[in-house]
Structures are given as structure tokens and as C-alpha cells.
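Asks: What follows is a predicted protein model with its sequence.
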Amino acid sequence: MLKNENIICISSIDWDFNWQGHQEIMATFAKNGNRVLFIENTGVRAPNLKDIQRLIKRTIDWFKSFKGFRNEMENLYVYSPVILPFPYSRIARWINNYMLVKPIKRWMEAMEFYDPIVWSFLPTGTALDIIDNIDKKLLVYYCIADFNKLVGNPKKVMKTESKLIRKSNLIFAQGKVLQDKCKRLNDNVYISPFGVKIETFKEFQHMPDKVPNDIKNINSPIIGYIGGIHKEVDFGLIKFIAEVYPEWSLVLVGPVQTDISKINSLPNVFLLGKKDFLKLPDYISKFDVAIIPYAKSGYTMTVFPTKLNEYLAMGKPVVSSYLPEIETFNEKYGSIVYVAKNQEEFARCIERAINEDNGDLRKRRIEVAEENGWQNRIEQMSNLIKAEIERKKLNRAARWKENLLDIYRVTRRRLVRVGLICLLSFVVFLKTPFIWFIASPLKIADQPQKADTIVVFGGGVGETGSPGKSTIERARYAVGLYRQGYAKKIIFSSGYTFRYNDAENMKLFALSMGVPEEDILLEQKANSTYENVKFSKLILDKNGWDTVLLVSSPYNMARASLVFRKLADRPEVIYTPVSEPQFYHTEGTIKWEQFRAIFHEYLGILYYWWKGYI
């Protein structure tokens with residue numbers, strides 16, 4: 001048996017669903033000293049109205065747990081992810097990568113849950129995303145059903161399952177049909193049908209007080225079924241038996257999962273509902289014959305019914321519809337199951353089973369069930385896993401040179417790709433007009449007109465503390481507008497200081513150009529476009545000015561306009577960027593400073609949107 005391993009189980013059912021092989025295998029591993037993360041079902045198809053209750057329960061489970069994680073038993077943790085339930089949508093999978101994969105990786109880091117064995121029951125795109133994003137020791141796929149038959153669009157699941165089969169180091173299949181399907185893409189496939197928890201049935205001792213009240217007074221002979229009452233059950237067959245043999249009692253134990261209108265009004269059909277797994281032996285003990293009444297479908301032609309070994313563990317005769325995996329089982333164990341191909345034959349098989357039952361047959365059935373007990377089954381799978389881990393180690397040691405060369409090849413290919421992307425980006429952004437096409441939405445330019453004042457946003461100072469080129473351009477352009485009589489006042493706004501304040505530098509430049517000191521106002525607190533607008537507006541409001549000419553770089557106008565609109569309707573802003581700036585033109589090769597300024601503005605707009613400034 002495996003010991004001291006980390007195991008991630010990508011399950012196709014939830015932990016609290018009917019107890020099946022998923023829970024049994026992982027609980028056994030946990031009890032044996034392995035640590036297990038059980039990821040609940042992420043879906044094999046898009047949800048419909050019938051799934052609303054399950055989705056609500058999943059959401060409740062998430063809030064009741066810690067970020068979706070809970071400790072279910074010693075060494076076993078359950079993760080109830082809340083994700084977009086579209087397992088084949090590329091957009092949904094991209095989003096789910098953040099909603100599902102990242103929390104799993106954080107949990108693994110917190111738990112020091114490294115180098116796990118990943119065991120998947122699901123062949124979906126979502127499952128592949130988990131698998132591809134986790135560093136693992138081994139990948140095991142347990143193919144328990146033909147999922148192609150369970151979804152509306154089988155092509156999608158066929159594609160993802162094929163990828164999973166190829167990736168897997170080891171595959172277990174429920175039966176021969178599924179093994180043959182997997183073997184077309186991977187040779188390392190072993191038949192391993194679900195077993196039976198034989199201890200649960202061995203512990204049962206028939207005592208009158210253990211017989212449940214809801215079956216105690218039902219008349220014999222009782223023809224019994226346990227399991228989900230779903231669409232694969234042949235309700236026409238049950239109706240036929242109930243009507244032709246009214247003296248028989250047909251007892252169905254399990255949750256109703258589909259329309260049962262064909263049988264729910266029949267007087268000798270009893271629907272007892274879902275029962276705790278540990279109570280199942282109490283019910284089976286009252287069966288005279290146990291049945292597997294499945295309708296013929298693409299799905300049932302591949303399925304191995306788990307309930308078969310549970311019936312046999314109680315020594316009960318079993319009558320089944322024709323299923324290929326039951327036929328294979330009979331070939332191995334000498335026709336221990338009665339198999340029928342139509343309704344009349346099914347009824348005759350029940351009669352035979354009642355009449356032929358004896359102590360020797362009951363003993364033989366129990367022996368067969370013990371051979372198929374979960375302990376044996378999990379031990380066999382564990383041995384195969386351990387052998388595969390060892391084989392991988394030996395193979396890695398023998399192929400270290402080839403593996404190293406593969407790493408270099410992959411690295412080289414990545415470097416070539418990155419180099420080509422960089423070269424293409426350089427040509428597109430710096431050698432074509434494309435960057436000006438991107439920059440054009442940033443520029444807002446109105447025709448200058450008379451206003452109450454001119455507001456100038458600073459452009460920063462140089463490393464020496466002297467005004468930067470952009471600052472000089474803006475101050476000169478503002479002075480030009482002032483001299484032309486467009487406004488009688490100038491506000492220089494900037495809190496940026498290296499050795500000298502940027503607004504002070506612009507004032508000194510304006511004074512040198514002949515602007516009277518009383519016509520210049522300074523705003524010296526702003527360190528961003530948002531603060532330029534905010535603090536300048538306080539000066540405008542104080543002086544009762546309603547119209548302004550705004551001077552800044554052409555790139556900055558879009559962001560400034562968005563902030564003005566957000567803060568208030570007043571003042572009316574006339575956007576007058578520097579008309580012929582050194583760093584804004586649409587001819588020739590773009591300079592790095594220009595590219596950086598444009599990129600900076602788009603990032604600034606995105607950041608302002610996130611902060612709620614615009």
C-alpha cells in the first residue's frame with residue numbers, strides 16, 4: 001500500500017455524494033498515512049436547471065469552509081471550488097485558472113504539499129488545467145465511465161480525454177471496453193473495477209432489531225435494488241415485473257434523480273429514498289433477489305455496476321440486464337450472475353434465482369465479493385503506482401543526457417520566440433505609424449479662445465534641478481497664449497521638486513518672458529494629474545473662474561479631461577496642448593521617450609479607473 005505520499009484527487013463527484021469508489025480510495029490512502037487533497041466535481045458539462053441545488057450547496061460549502069478548503073478527516077482535505085461551470089470554454093478556463101488553480105497552489109505551498117501524485121476521475125479541460133499547472137510525481141487517470149455518452153457535445157470531451165490519456169503515466173479502467181478505448185492512445189492501462197467495502201458487510205449480523213422499519217413489514221419475496229434511481233434504470237422493465245407478478249414486492253433504495261412517473265403509483269413498488277452507506281447491508285439482508293435493471297444505452301454498455309459486489313457480499317442472488325462487463329465478470333466467476341436480454345427473461349431469471357438459492361451458492365457469492373474487496377483492489381493499484389514511480393526514477397537516471405538536451409532545446413525555442421516577439425514589437429511600435437494610431441485618442445486639442453485663466457500642468461524637473469524640456473515647452477506656450485490676450489492670469493500647477501519646485505521654475509521662466517508677477521498663481525502640492533486637477537480647481541473656485549485654457553502635453557489631455565468630468569461640471573475646460581512639442585509628432589522614427597510617455601498615459605488611465613478617479 002502507498003505510504004507517505006501527497007495525493008491530489010480530481011473527483012467527478014462531491015465528497016458528500018453517495019459513497020463510491022472516489023471517497024473509498026482516497027479515504028483508504030489517507031488512513032494509510034498519505035496526505036490527500038480531494039477536489040470536488042468541477043463538472044463534465046455545462047449546468048442546467050437541475051443543477052441549481054448542487055451549485056447552491058457548493059457555494060454554501062465554500063463559505064462554511066476556509067477559502068473553500070476543509071479538513072474532512074485525518075490527512076484528508078476537501079476543496080469545494082466556486083468556478084465558472086463551463087469545463088470546455090477557453091474563456092471560462094482562462095478565468096478559472098485564477099479562481100481554481102491559484103488557490104490550490106497557495107494551499108499546497110501553505111501545507112508544503114510538494115511533488116504529489118495527481119489522480120483524476122475527470123477528463124475535462126478544467127481537469128487538464130489543474131494537471132498542467134502542478135508539478136507532480138505521477139499522473140493517474142481512473143477511467144470509470146464513457147464520458148462521451150454523458151454530454152451533449154461528445155467531441156469536446158473526446159478531445160480533452162484523449163489529451164489526458166496520452167499524458168497519463170498510469171491508467172485504471174472500470175472494464176474491458178474502457179481499457180480497449182484507452183489502449184488506443186496509451187499502453188499502460190489496467191482493468192480495475194470498483195470494489196466493495198467488504199468489512200461493512202462482514203460486520204452485518206442478521207438481527208430483527210437491525211431491520212429498518214420502512215422495509216420490515218414489506219411482504220416477501222422482495223426484489224431489491226440499491227443505488228441512484230437515474231435515467232439509466234429501465235423503468236419499463238420494473239413496471240412489467242410489478243404488473244405481471246403482483247405478489248412480488250419491488251423495493252428501490254436510493255435517491256430519485258429522474259422522472260419516475262411510470263412506477264411511483266404501482267402498489268407493489270416501494271421507493272425508500274437515499275440511505276446512509278453503512279445502513280445498506282440492513283436493507284440488502286431483506287432482499288430475496290437483488291437486481292441490476294439497466295436500460296441498454298451507450299453508457300451502460302461500458303459501465304461496471306458497483307452494487308454487484310455489494311449484493312454478492314451479502315450472499316444474495318443477482319439478476320442483471322445484459323451488460324458487457326457483467327458478461328466478462330461471469331466468464332471469470334462461472335456465471336455467478338443471472339443475465340437477461342429482455343423483460344420476460346428477466347422475470348424468469350428472478351424466479352430461478354428464488355428457487356435455486358441455497359447455502360453453497362450464498363457462500364460462493366461471498367467468496368467472489370471478498371476477492372473483489374476494496375482492500376485487495378487498492379493494494380493492487382498501489383503496487384502498480386509504486387512500480388511506475390520506480391520505473392520513472394530509473395528511466396530519468398538512464399536518460400539524464402537526453403533530458404538535459406530536451407531542456408536546452410525547449411529553452412532555445414523559448415528564447416527564439418521571445419527574440420522574434422521583441423523584434424516584431426520593435427518594428428511595429430518604433431518603425432511604423434502604428435504607435436501614432438494608438439496615441440491619437442490621447443490627444444484632445446480645442447481652438448484657443450478667451451478664458452478666465454490659463455492652467456499649466458508641470459512636466460517635471462531635470463536631474464540638475466533645472467526645468468525639463470517638457471516644462472519649458474508648456475511654460476513658453478502658456479506665456480504665448482497670455483500675450484495673445486486669451487487670459488489675464490496663469491496658474492502653474494506642480495508639486496514635483498528635485499532641487500527646485502517645478503511650478504517655481506515655470507514662474508521664473510514666465511517672469512523672464514515679461515509676465516507680471518501679480519498675474520501668476522502657483523499650486524505647489526500636486527504630484528499627479530488627479531491632484532493637478534483637484535488642487536487647481538480649488539484656486540478656480542476661490543476666484544470664481546468658470547472657463548480655463550488647459551496647457552499640458554498632448555498625451556496627458558485625455559486623462560486630464562476624464563478627471564475634470566469626474567470631479568464636477570465646472571469649470572468649462574478648453575484643452576490647448578502644446579502645439580508643436582518636441583515629444584509629439586507623427587513623422588519619422590518614434591523615440592523611446594515618446595513610446596514610454598504614451599504607454600505611461602494608458603497605464604495611468606487604467607490605474608485611475610481602478611482607483612475610481614475617472
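Replies: Arrived safely, thanks for sending. Numbers count the residues shown, from 1 in each chain.

Asks: the longest helix in the protein is where?
Replies: Counting by DSSP state H, the longest helix found in the chain is helix 400-430.

Asks: Just name whatever secondary elements it is in contact with.
Replies: The elements that helix 400-430 packs onto, with contact taken as 3 or more CB pairs under 8 Å, 6 or more residues apart in numbering; DSSP states H and E, are helix 592-611. For every residue, glycine as well, the C-beta is placed using N, CA and C.

Asks: Contacts only, for the nearest residue to residue 288 once chain neighbours are set aside.
Replies: Spatial nearest neighbour of residue 288, excluding adjacent residues (CB to CB, 6 or more residues apart in numbering): residue 221 at 4.0 Å. Neighbour list for residue 221: 247-249, 288-289, 354 [criterion: CB atoms under 8 Å, 6 or more residues apart in numbering].

Asks: and of those, the nearest to residue 335?
Replies: Using CB to CB, residue 289 comes nearest to residue 335 of the contacts of residue 221, at 15.8 Å.

Asks: What distance do you get for that closest one to residue 264?
Replies: Plainly put, residue 289 is 21 Å away from residue 264 if you go by CB to CB, to the nearest Å.

Asks: ok, back up a step: distance check, the residue nearest to residue 288 against residue 313.
Replies: 20 Å.

Asks: And for residue 294?
Replies: 20 Å.

Asks: Between those two, which has more neighbouring residues?
Replies: The residue with more neighbours, out of residue 294 and residue 313, is residue 313; 26 against 22, by other CB atoms under 10 Å.

Asks: Check what pLDDT the more buried one gets.
Replies: Per-residue confidence at residue 313 stands at 93 (pLDDT).

Asks: repeat for the one 3 residues further on
Replies: For residue 316, the pLDDT comes out at 95.

Asks: How is it assigned, secondary-structure-wise?
Replies: Put simply, residue 316 is coil when judged by DSSP: H, G, I helix; E, B strand; the rest coil.

Asks: leaving aside the residues next to it on the chain, what's closest to it?
Replies: Nearest one to residue 316, counting by CB to CB, 6+ apart, is residue 290 at 4.5 Å.

Asks: what sits opposite the one you found in the beta ladder?
Replies: Beta-bridge partners for residue 290, by DSSP bridges, are residue 224, residue 318.

Asks: Tell me the spacing between it and residue 252.
Replies: Distance of residue 290 to residue 252, computed by CB to CB: 11 Å.

Asks: quick one: common contacting residues for these two?
Replies: Counting by CB under 8 Å, 6+ apart, the contacts common to residue 290 and residue 252 are 224-225.

Asks: hmm, back to that, which one of residue 289 and residue 264 is surrounded by more residues?
Replies: residue 289 (22 against 12).

Asks: right, and that one touches residue 317 too?
Replies: Yes. In this structure, residue 289 is within contact of residue 317 by CB atoms under 8 Å, at 5.3 Å.

Asks: anything in contact with each of the two?
Replies: 353-354.

Asks: Show me the shaky parts of the stretch 101-250 of the chain.
Replies: For the stretch 101-250 of the chain, the stretches with pLDDT under 70 are 150-153, 204-209.

Asks: circling back to that earlier point, and the furthest pair within the contacts of residue 221?
Replies: The largest separation in these, counting by CB to CB, is between 247 and 289 at 13.5 Å.

Asks: Check this structure for me, the residue farthest from its geometric middle.
Replies: residue 514 (66.8 Å; CA atoms, centre = their mean).

Asks: The residue nearest to the spatial centre of the chain: what's it in contact with?
Replies: In the chain, the residue lying closest to the centroid (CA atoms, centre = their mean) is residue 96, at 3.8 Å. Taking CB under 8 Å, 6+ apart, we find residue 96 in contact with 42, 83-84, 126, 129.

Asks: farthest pair in the residues you listed?
Replies: By the measure CB to CB, 84 and 129 form the most distant pair in the contacts of residue 96, at 11.9 Å.

Asks: How far does stretch 561-574 stretch from one end to the other?
Replies: End-to-end distance for stretch 561-574: 10 Å, by CA to CA, to the nearest Å.
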